[in-house]
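# Give me a model of this one.
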Amino acid sequence: MSQNPIESLAAGAENLSENICVCLEDGEEQIRQQPLTSVLIAVAVGLLLSFLPVGRIFAPIFRSLLALVKPVLLVLGVLKVFCFLSGCKSAQK
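Numbers count the residues shown, from 1 in each chain. Model prediction:
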C-alpha cells in the first residue's frame, strides 16, 4: 500500500498530535498527584535557565530554521502542483 507524500505527511502529523496529547495528559496527571515536587522541579529548571546564556544558544538554531522556511515551502508547493497535475485525490480536496 503506497501512500503519496502528502498523505504520509498528514498521517505523521496526526500521529504526532495524538502523542503530544497523551504526553500532556500524563504530565497533567503527574502534576496533580505530586504538586510540590512539580513546583520544585519548575523552580530548579527556571533557575538553571536563568544562569545559562539561552539567547546565545538558541538564536543560531532559530535563525537556521527561519532560513529553511522558504526552501521547504517551495518544495511543498512544487509537490502540491505535481500532485495536482498528476491527478492525485488528496490534491483536489
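# what's the longest helix along the chain packed up against?
Determined from DSSP state H, the single longest helix within the chain is helix 54-86. The contact analysis (3 or more Cβ pairs under 8 Å, 6 or more residues apart in numbering; DSSP states H and E) places helix 54-86 against helix 5-33. Placement of C-beta: from N, CA and C, glycine included.
# Any buried residues in the helix it packs on, and which?
For helix 5-33, the neighbour count (16 or more other Cβ atoms under 10 Å) marks residue 6 as buried.
# what's the angle from it to helix 54-86?
140 degrees (axes from the mean of the first three to the mean of the last three Cα atoms, to 10 degrees).
# hmm, who's touching the following helix or strand past helix 5-33?
Next along the chain after helix 5-33, taking DSSP states H and E as the criterion, comes helix 35-51. Contacts to helix 35-51, defined as Cβ atoms under 8 Å, 6 or more residues apart in numbering, come from residues 30, 31.
# The chain should start at 16 in everything you say after this.
New numbering, starting at 16: the last item is helix 50-66.
# domain ranges for the chain?
Under the assignment automatic domain parsing, the domains of the chain span 16-67, 71-108.
# Any chance of CSV for the ones you listed, columns mean pLDDT?
Shown next, in CSV, are these (pLDDT from 0 to 100):
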stretch, mean pLDDT
domain 16-67, 86
domain 71-108, 84
